[in-house]
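Chemist: Sequence and predicted structure below; questions after.
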Amino acid sequence: QTLFHTYFKIEGGKALDKHVCNVSGLSGYKRLNQLTNNESVQGDEPIFIDGEVDCIFTPPEGKPAIEVEVTTGINSRVSVRATAAVDGEIIPVSAVVWNPHIEKSKLMGDFGDQEYHDMICVEPGVLGSDEKLSAGKKVSFIQKITTGTCTL
C-alpha cells in the first residue's frame, strides 16, 4: 500500500462549510467509512466535512486513474489526478478523504486542536491489493495537482 498524503489548506478556516470545502469526482466509487465500517457506493453529491471523516474510495471497474476536484475556497479549486503502474501495467488508484474534526484533533500530538477547520486531506493511493510487490518490480505512482478558480 502507498498513499500521497496531501493536505489542502481551506480558505478562511471554513473546512466545515460545504460550499467552501468539498470533494467531487468520486461518483460510483465504493465508499468504506473507516469509522463505522459501513460500505456504500458514492453518489453524485460532493463529499464534505460535517464531523470526523475517514473514508476509503475504491474505483469502479474500468476506472484506473483517480480524478477529483477539491474546492478549497469560495472561488478556488484544486484538481487532483493520480495514476499507478507496476512494470508498466496500469493498476487502479483509490483515494482516502480525511479530516479529524474536534475530538481526534485534540488527541493528536502533531496537529493543533483547531486545525481541522483549515484543511482537508485527499490521498490518492494504491490500496487493498492482495499482491505484494516482488523484488525487481518497478512501481510508477504519479500525482498531478492543478490549481484554478471556480466558475459559478
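Modeler: Good, I have the coordinates.
Chemist: Spell out the residue ranges of the strands in the protein.
Modeler: Counting by DSSP state E, residue ranges of the strands within the chain are 2-3, 7-9, 22-24, 30-33, 39-41, 53-58, 66-73, 76-86, 89-91, 94-99, 119-126, 139-149.
Chemist: So which of those is nearest L16?
Modeler: With CB to CB as the criterion, L16 lies closest to strand 94-99 of the strands of the chain, at 8.8 Å. Quick note: C-beta positions are derived from backbone N, CA and C, even for glycine.
Chemist: Which elements pack onto that closest one?
Modeler: In this structure, strand 94-99 packs against strand 53-58, strand 66-73, strand 119-126, with contacts taken as 3 or more CB pairs under 8 Å, 6 or more residues apart in numbering; DSSP states H and E.
Chemist: Pull up the pairing partners for the second one, direction included.
Modeler: On the basis of DSSP bridges, the sheet neighbours of strand 66-73 come out as strand 22-24 (antiparallel), strand 76-86 (antiparallel).
Chemist: Quick check: mean pLDDT of it?
Modeler: Across strand 66-73, pLDDT averages out at 96.
Chemist: now do the shortest one
Modeler: For strand 53-58, the mean per-residue pLDDT is 96.
Chemist: Export the helices and strands packed on strand 94-99 as a markdown table, with columns for distance to I142 and mean neighbour count.
Modeler: Conversion of the helices and strands packed on strand 94-99 to a markdown table gives the following (distance: least, CB to CB, whole Å; neighbours: other CB atoms under 10 Å):
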| stretch | distance to I142 | mean neighbour count |
| --- | --- | --- |
| strand 53-58 | 18 | 21 |
| strand 66-73 | 11 | 21 |
| strand 119-126 | 9 | 22 |
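Chemist: Show me where this protein dips below the pLDDT cut-off.
Modeler: Residue ranges of the chain with pLDDT under 70: 102, 107, 112, 128-133, 149-152.
Chemist: what residue lies at the spatial centre of this protein?
Modeler: For the chain, the residue whose C-alpha lies nearest the mean C-alpha position (CA atoms, centre = their mean) is V122; its distance is 2.6 Å.
Chemist: Report the contact partners of Y7.
Modeler: Contacts for Y7 (CB atoms under 8 Å, 6 or more residues apart in numbering) come out as 119-121.
Chemist: cool, E123 as well?
Modeler: 3-6, 95-98 are the contacts of E123 under CB under 8 Å, 6+ apart.
Chemist: Thanks a lot, catch you later.
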